[in-house]
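Asks: show me the folded form of this:
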Amino acid sequence: MFKEKIAETLRFFEPVQHRDFIDLSYINDQGSVGNWLWTNTMGETVPPPSKFELALIFADIYLNPDGHLTNQSPQRIREEFYKLRKLSPGFRVADLGNLKTGKSIQEAIFVLDEICTRLFALKVNVVVVGGSQLLTLGMFNGFKTFENNINLLHVDARIDLSVNDESMSGSHYLNQLMGEGAPNIYNIACLGYQTYFVDTQQIKLLNENYFEHYRLGDVRATPEAFEPVIRDADLVSFDISAVRMSEAPAQRHGSPNGFFADEACRLARYAGISDRVQAFGLFEIDALCDRDQATVKLAAQMIWYYLEGYINRKHDYPQASLEDCTKYAVQIDEIDFPIVFYKSNKSGRWWLEVKTPQNQENKQATVIVSCHEDDYRNACNNEIPDRWWLNFKKLK
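Replies: Just a heads-up that it's a prediction; the model follows:
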């Protein structure tokens, strides 16, 4: 059944062809990623069910003032990724090839929705590389068949949310997710935004929906404090503009400020090691304005770190029961009932339980939120954790 469904999925892709590579040096290197993963090439048979658990999708379509164009960025990223060192021998990864994007971004979103729906049904993790960040919509729609209360992590120098209109634009794709009452979205967390690019009305709109937003300086100061925000995501959408231009010059709307390259890789690893993240997207790279292939090399390394994190998943909550955790109940003066924390006996990571007073006995109205050990320590000092309070107001 797995083979049949993968065979159906591959019809949405153009196979990888050696003639598209500028550098094929990986072929003679048995320790390279390119010689380790399964690649959809001309004449290849569909792999058996045990062949892979994570799929790479390369999509060469992006938006610019001239319309919907291609720029070969995904292929350049693929080349650099193939030259990196292979990961764990037991970890199974497939490069499904180049997405047939159609004639418009809308067609590409529709196709990616269909593909993600199929792959999620097969329990395959998905990484999408290249193209417009609007492709996040296709990835998000792939979740809607299986679940509500989806969490999106948006990593970007800007908050792609318009307060004036809802036209189809990569600069405000979040409007598409928040429209019509947003029945499938539970949380949007905007990470690493730069305040001088953000309108106060955007922040107001996020606050009205109890969505999260964290400035670049705060994240860079204590990145480990934001690991729980990443861990709670189902889908991570990373715009390369979140990285400063000196580190990643292949971007049309870059800034001298942003994450450093190693910080971007760290965030990608945090996403990979989360037991909840099912899809990771890396967007808006334009190799036509790259320098010394710095950006495509960074993109390849970010993908590598996401995979390395995935290999090291701890398989605790939500993959395992909270019964495998140590439970702590902390009474705070301002609240009539204790805040419950859980600490994983496997990984040492923390979660907290959120429920409203009227729903104390209703398990369906309970939300488990990732947190940091400092949240527990602050609660012990009679301080309400910010993430508990935000989710409490959302449930209430």
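Asks: from here on, contacts and neighbour counts on C-alpha atoms
Replies: Will do.
Asks: restrict stretch 267-281 to CA atoms and write it as CSV.
Replies: This file holds the C-alpha atoms of stretch 267-281, laid out as CSV (Å, rounded to 0.1, in the frame of the first residue of the first chain):
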residue,chain,number,x,y,z
LEU,A,267,16.6,27.1,15.2
ALA,A,268,16.4,24.4,12.4
ARG,A,269,17.7,21.8,14.8
TYR,A,270,15.2,22.8,17.5
ALA,A,271,12.5,22.3,14.9
GLY,A,272,13.8,18.9,13.9
ILE,A,273,14.2,17.6,17.5
SER,A,274,10.5,18.5,18.3
ASP,A,275,8.3,15.4,18.5
ARG,A,276,5.4,17.6,17.2
VAL,A,277,6.8,19.3,14.1
GLN,A,278,5.7,17.4,11.0
ALA,A,279,6.7,19.9,8.3
PHE,A,280,9.5,22.4,7.8
GLY,A,281,9.7,25.0,5.0
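Asks: now do that stretch, average pLDDT.
Replies: Stretch 267-281 shows a mean pLDDT of 98.
Asks: do stretch 38-50 as well
Replies: Here the average pLDDT along stretch 38-50 is 74.
Asks: Ser370 in helix, strand or coil?
Replies: Secondary structure assignment for Ser370 (DSSP: H, G, I helix; E, B strand; the rest coil): strand.
Asks: which residues touch the nearest residue to it once chain neighbours are set aside?
Replies: Counting by Cα to Cα, 6 or more residues apart in numbering, Trp351 is the residue found nearest to Ser370 once chain neighbours are left out, at 4.3 Å. Going by Cα atoms under 8 Å, 6 or more residues apart in numbering, Trp351 touches Phe341, Tyr342, Lys343, Ile368, Val369, Ser370, Cys371, His372.
Asks: check for me that Leu205 belongs to a helix.
Replies: Yes - assessed with three-state DSSP, Leu205 lies in a helix.
Asks: and the closest residue to it other than its chain neighbours, what element?
Replies: Leaving aside its chain neighbours, Leu205 sits nearest to Val163 (7.9 Å; criterion: Cα to Cα, 6+ apart). Val163 is part of no helix or strand when elements are defined by DSSP states H and E.
Asks: Pro89: neighbour count?
Replies: Counted with other Cα atoms under 10 Å, residues neighbouring Pro89 total 8.
Asks: make that Asp292, sorry
Replies: A count of nearby residues for Asp292, using other Cα under 10 Å, gives 9.
Asks: what's the answer for Arg220, then?
Replies: Residues near Arg220, counting by other Cα under 10 Å: 16.
Asks: for it, helix, strand, or coil?
Replies: Under three-state DSSP, the three-state class of Arg220 is helix.
Asks: any weak-confidence spans in this protein?
Replies: Where the chain drops to pLDDT under 70, the residues are 1, 43-50, 62-71, 165-171, 180-183, 357-364.
Asks: what helix or strand is the residue nearest to Ser370 located in?
Replies: Assigned by DSSP H and E, Trp351 falls in strand 350-354.
Asks: C-alpha coordinates for that strand, CSV please?
Replies: Only the C-alpha atoms of strand 350-354 are listed here, as CSV (Å, rounded to 0.1, in the frame of the first residue of the first chain):
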residue,chain,number,x,y,z
TRP,A,350,9.0,20.7,30.4
TRP,A,351,5.4,21.2,29.7
LEU,A,352,2.5,22.9,31.5
GLU,A,353,-1.2,22.2,31.6
VAL,A,354,-3.7,24.9,30.9
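Asks: in the sheet, which residues pair with the residue most central in space within the chain? Tell me.
Replies: Nearest to the mean C-alpha position of the chain, by Cα atoms, centre = their mean, lies Val236 at 1.5 Å. Counting by DSSP bridges, Val236 forms beta bridges with Leu153, Phe280.
Asks: that one contacts Leu153, doesn't it?
Replies: Yes - assessed by Cα atoms under 8 Å, Val236 is found in contact with Leu153 at 4.7 Å.
Asks: quick check on Ile105: phi, psi?
Replies: Main-chain dihedrals, Ile105, degrees, to the nearest 10: phi -70, psi -30.
Asks: and it, how many neighbours?
Replies: By other Cα under 10 Å, the residues close to Ile105 number 23.
Asks: so it makes contact with Ile61?
Replies: Yes - contact criterion Cα under 8 Å: Ile105 and Ile61 qualify, at 7.3 Å.
Asks: what residue in the protein is the furthest from its centre?
Replies: Note on the chain: the largest C-alpha distance from the chain mean falls to Asp333, namely 37.2 Å (Cα atoms, centre = their mean).
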